[in-house]
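Enquirer: model the structure of this input:
(2 chains)
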Amino acid sequence: MKVLFVDDEPRVLEALERSLFQLDVDWNVTFAEGGQAALRELAAARFDVVVSDMRMPGMDGAALLSQVCKKYPHVVRIVLSGQTDEAEAFRAVRVAHQFLAKPFSSEALRQVIERARLLMMGLGDERLQAIVGRLEHLPSAPQLMDDLTRALEDEATTAETLAAIVRQDPAMSSKVLQLVNSSFFSNGASISDIRAAVVRLGTKTVRALATRGGAFAASTKPGELSSASVATAQLRSLATARVASRIAKDKVDPAAAFAAGLLCDVGELILSGPMSHESDGSEGEHRQRDALKHAEVGAFFLGLWGLPFPIVEAVANHHAPSRTALHGPGLPQVVWLAACLVNGNEPDTSYLRHIGFEGSLSDYRAMTE
Amino acid sequence: MTTGTVLGELSLPELTLKVDALERKLRAKEKTIRVLIQRVEGSASEVHSAFWVLEQNIALEKMVVKRTAEINAQKEQLAQALAELQGAQAKLLQAQKLEAIGQLAAGIAHEVNTPTQYVSDNTAFAKRAVVGLIETLQASLAVVQAVQEGRDTSTLIPCVDSLLKTAKIPYLLVQLPRALDQAQEGLGRVATIVQAMKEFSHPSSAEKTPVNLREAIETTIAVARHEWKYLADVDLAMDPEMPPVPVLRNEFNQVILNLIVNAAHAIGGVTAGGSEGRGKITIAGRTGVDSVEIRITDTGSGIPLHARAKVFEPFYTTKAVGKGTGQGLAIAYSVIVDKHQGSISFETEPGQGTTFIITLPLRDAGLGAAAPAKDIP
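Expert: The predicted structure follows:
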């Protein structure tokens, strides 16, 4: 794996180099002083991760990363910025996958990059990686987008009101969780509760995200999913979220189960979107093959955006929870059961008992009502 | 920031209008009295009966008493409006100062966070390095001790060897001193910016004190570093012989800050925010016979013809919403001209840049900082 670090302050790079050498990372590291130098490195070799400062003379971090997004969409884009100004930070929201605030310890940075590596290995498909890497946001359900816009127009809207809208929509929720789990917006707290995430960001930030950050949008472009299919997917996700949080009661955190249930099918949203731009007629073939990987794609997407690991794990394994190391009634099992019930699939009752779901299937079915 | 809310009930332009209207009324009343007096004088020159004159006089006196009362009431109103106006100006100055500090705060945080990043990386590196060095040292000492005691060292040597390898000693010998140097340098940078911020915002007395302008300007340049460093280089060329100049330190700093920030914005405007080359801000100071001159030159776009006459007017701005309240230069004018009896002007060349020229008297004209309100002319 090759990682490129970009900063206009050579001392930042030098210190990082020392720390990473000492931490014995087994990836290849390269350092570039500024945006132009970074683009030269990227043209010369294949990189997997770029970690860039925001404010730099000449080409700044936002400009660099938007170039990287266009030319090398498979590259994981991480901002490491000393800025505290949120207005400036919104420039990064569209072009970066994760936002880290300086000072950020090199050990924590190693973890972030290691995690990105594991995600890439887990997906193991560079074409899909590029499709996900390019995404600025997922399509929101049009009705909820209208609700959000209207709520934001009202100066008196509270964070609770916004949260009630956001938590119904996988697209908005994924964006909000992405921001709130980045060290820039919340000092790196790990937050799975969508309501808490919105409250923590506050109305001002959510408003700025919607207006200046361009972080939320309903599907409108041609070639994208139709509004109707986004709305259908959203309703099914919301149903899964609700059932998951009911099942979760006294097994796992219901708020995390709600989020994982809501987000478990984001892979489908991504894969049925405007996708790859292949013109060689292989698109149909790809679509069929990719459909089998939607859980992996969804998990890669959520992991790339820095969502808490339990959610990523649950989404990755919600079709086959027995694959996880967890053998009790954990988050993957809860989401799996909720998805089975909502989609009308028959869950394996012996596995259910094996992992410790005591109730009968009809009890669980009652929760979908 | 909307200035209307800062000033309470009336905004500054509204207050100015109110004062103007009151002054006009007052002049009209005075004119009425003059006409009346002239009429009485004219009448007196004619021959009238004593009774008629008395009657006229009583009527006139009544009129004068009434008018005087009215005038007094209006004078009071005027004085009150003037007091409000002065209060508003003071608030405005404070508001603009807060705005400037708020704007600076984000930049200063960035200026502190960057060195903090490499100070922490370097110290974390040094800490882990020292752990490895100590282990190696202890293993080596064990060998020394074994040799001294004539014991067998064949089992100890490989242990030292492997520690030497894992601790990456040759690498540490080169990098450890550098890491510590840079950590120290980074802390120095943090200390400098904190010190400059402290000096910049240190409350100065309400009276003028002799200030070394070079030091004051250096502090302001340091505080505003984040505002210019991505856009321009700053050159400071002050006459080394310049004596201390009596100024209100805070107000003077704020003027220089406003001018530096304006210069940086002007340069940002012609370099696409720094992505197309860098500009230059030159600050030069000269000593004259009884005054000093400070010139702040930028390589920005220059001031367009239509804006030149309005540059020092309050609420005039050509900047985008949120980029300035149009107070910076109005306040510079008020500070330099009204409070220091100096002058401020500019020379500008479209496409070349702008120079603001400040002169300050070397001797305090004696009015002091808390100069009494000017009498109504």
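Enquirer: please make it C-alpha for all contacts and neighbour counts, starting now.
Expert: Fine.
Enquirer: helix, strand or coil for the residue of the stretch 251-369 of chain A found nearest chain B?
Expert: Taking Cα to the nearest Cα as the measure, the point where the stretch 251-369 of chain A comes nearest chain B is A:Gly306, at 21.2 Å. Classification of A:Gly306 by DSSP: H, G, I helix; E, B strand; the rest coil places it in coil.
Enquirer: where exactly do the strands run in chain B?
Expert: Taking DSSP state E to define them, one finds strands in chain B at B:209-211, B:232-238, B:245-247, B:279-287, B:291-298, B:343-349, B:353-361.
Enquirer: ok now the fourth one, how far from the chain's centre?
Expert: Same thing as strand B:279-287. Centroid separation between strand B:279-287 and its chain, computed with Cα atoms, centre = their mean, to the nearest Å, is 17 Å.
Enquirer: low-confidence stretches in the chain?
Expert: Chain wasn't specified; assuming chain A. Counting by pLDDT under 70, chain A shows low-confidence ranges at A:188, A:219-224, A:273-291, A:326-327.
Enquirer: that was the other one, I meant chain B.
Expert: Counting by pLDDT under 70, the ranges of chain B that qualify are B:1-12, B:40-48, B:96-97, B:100, B:204, B:314-326, B:365-377.
Enquirer: so which residues on it come close to chain A?
Expert: B:106-107, B:109-111, B:113-122, B:124-125, B:175, B:179, B:182, B:230-231, B:274-277 (Cα under 8 Å from any Cα of the partner chain).
Enquirer: and the stretch 1-150 of chain A, which residues reach chain B?
Expert: Contacts of the stretch 1-150 of chain A with chain B, taken as Cα under 8 Å from any Cα, map to A:9, A:11-12, A:15-16, A:18-19, A:22, A:56-60, A:82-85, A:102-106.
Enquirer: if we go to 7 Å?
Expert: Remark: the part of the stretch 1-150 of chain A in contact with chain B comprises A:11-12, A:15-16, A:18-19, A:56-59, A:82-85, A:102-106, using Cα under 7 Å from any Cα of the partner chain.
Enquirer: what comes up buried for stretch B:353-368?
Expert: Residues B:353-362, B:364, B:368 are the ones in stretch B:353-368 that count as buried (16 or more other Cα atoms under 10 Å in any protein chain shown).
Enquirer: contacting residues around that stretch?
Expert: Contacting residues not belonging to stretch B:353-368 are listed as B:207-208, B:245-246, B:290-303, B:340, B:342-348 [Cα atoms under 7 Å, 6 or more residues apart in numbering or on different chains].
Enquirer: swap the cut-off to 8 Å and go again
Expert: Judged by Cα atoms under 8 Å, 6 or more residues apart in numbering or on different chains, the contacts made with stretch B:353-368 from elsewhere in the structure are B:207-208, B:245-246, B:259, B:290-303, B:336, B:339-348.
Enquirer: from the residues you listed, list just the buried residues.
Expert: Buried positions within these, assessed by neighbour count (16+ other Cα under 10 Å), are B:208, B:245-246, B:259, B:292-303, B:336, B:339-344, B:348.
Enquirer: distance to A:Ala159 added to the strands of chain B, as TSV?
Expert: Conversion of the strands of chain B to TSV gives the following (distance: least, Cα to Cα, whole Å):
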stretch	distance to A:Ala159
strand B:209-211	50
strand B:232-238	41
strand B:245-247	49
strand B:279-287	44
strand B:291-298	45
strand B:343-349	49
strand B:353-361	47
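Enquirer: give me the residue from the stretch 101-250 of chain A nearest chain B.
Expert: Scanning the stretch 101-250 of chain A for proximity to chain B using Cα to the nearest Cα identifies A:Pro103 as nearest, at 4.2 Å.
Enquirer: so what does that residue look like in phi/psi?
Expert: With angles defined as degrees, to the nearest 10, A:Pro103 shows backbone torsions of phi -80, psi 140.
Enquirer: and the gap between the nearest residue to it once chain neighbours are set aside and A:Pro310?
Expert: What sits nearest to A:Pro103 in space, not counting adjacent residues and going by Cα to Cα, 6 or more residues apart in numbering or on different chains, is B:Gln117, at 4.2 Å. Remark: distance between B:Gln117 and A:Pro310 (Cα to Cα, to the nearest Å) = 29 Å.
Enquirer: and chain A, what are its domains?
Expert: With automatic domain parsing as the criterion, the domains of chain A are listed as A:2-123, A:138-369.
Enquirer: wait, which of those domains is closest to B:Arg39?
Expert: The closest of the domains of chain A to B:Arg39 is domain A:138-369. By Cα to Cα, the value is 64.2 Å.
Enquirer: that closest one spans what distance, first to last residue?
Expert: The first and last residues of domain A:138-369 sit 28 Å apart, counting by Cα to Cα.
Enquirer: still on that earlier bit, residues contacting the residue of the stretch 101-250 of chain A closest to chain B?
Expert: Listed by Cα under 8 Å, 6+ apart, the contact partners of A:Pro103 are A:82, B:113-114, B:116-118, B:120.
Enquirer: next: B:Ile281.
Expert: Contacts for B:Ile281 were tallied using Cα under 8 Å, 6+ apart; they are B:232-235, B:260, B:263-264, B:296-299.
Enquirer: what's the burial count for A:Asn345?
Expert: Look at A:Asn345: counted by other Cα atoms under 10 Å in any protein chain shown, it has 11 neighbours.
Enquirer: confirm it sits in a strand?
Expert: No - the assignment for A:Asn345 (three-state DSSP) gives coil, which keeps it out of a strand.
Enquirer: just want the phi and psi numbers for it.
Expert: Phi and psi for A:Asn345, reported as degrees, to the nearest 10, are phi -90, psi 150.
Enquirer: would you mark the buried spots in stretch B:73-88?
Expert: With burial defined by 16+ other Cα under 10 Å, the residues of stretch B:73-88 counted as buried are B:74-75, B:78-79, B:81-82, B:84-85, B:88.
Enquirer: with the residues you listed in mind, which one is nearest to chain A?
Expert: Distances from chain A to those, taken as Cα to the nearest Cα, are shortest for B:Ala88 (28.6 Å).
Enquirer: how much space between that closest one and B:Pro13?
Expert: Counting by Cα to Cα, the gap from B:Ala88 to B:Pro13 is 10 Å.
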